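Student: The sequence and its predicted three-dimensional model are supplied below.
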Amino acid sequence: MESEPGRKRNDRTVQNPKLPTPTQDYKRIREERQIDVIKNTLVPILNS
């Protein structure tokens, strides 16, 4: 009886890191967009 709840807890902790949280996705998308904006603004300045 005691080992079963322990297993369920372990399953939850194992599954949680695999699921990407929306905050992580938003941060990643924001960083990618910022990099794109920086590239779009810096490249023309460097090329000119």
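Tutor: That came through, no problem. Numbering: from 1, shown residues only.
Student: what about the longest helix anywhere in the chain, average pLDDT?
Tutor: The helix that spans the most residues within the chain, counting by DSSP state H, is helix 22-47. Summarised as a single mean, pLDDT over helix 22-47 is 88.
Student: Show me what counts as buried in that helix.
Tutor: Buried residues in helix 22-47, counting neighbours by 16 or more other Cβ atoms under 10 Å, are absent. C-beta here means a position set from N, CA and C on the backbone, and glycine is covered the same way.
Student: So which other helices or strands are in contact with it?
Tutor: For helix 22-47, not one helix or strand is in contact under the criterion 3 or more Cβ pairs under 8 Å, 6 or more residues apart in numbering; DSSP states H and E.
Student: tally of neighbours for Ser48?
Tutor: Ser48: 5 surrounding residues under other Cβ atoms under 10 Å.
Student: how far away is it from Leu42?
Tutor: Distance of Ser48 to Leu42, computed by Cβ to Cβ, to the nearest Å: 11 Å.
Student: next one: Ile35
Tutor: 10 Å.
Student: cool, and Arg30?
Tutor: 18 Å.
Student: Then Asp36?
Tutor: 11 Å.
Student: cool, and Arg33?
Tutor: The value you get for Arg33 to Leu42, if Cβ to Cβ is used, is 15 Å.
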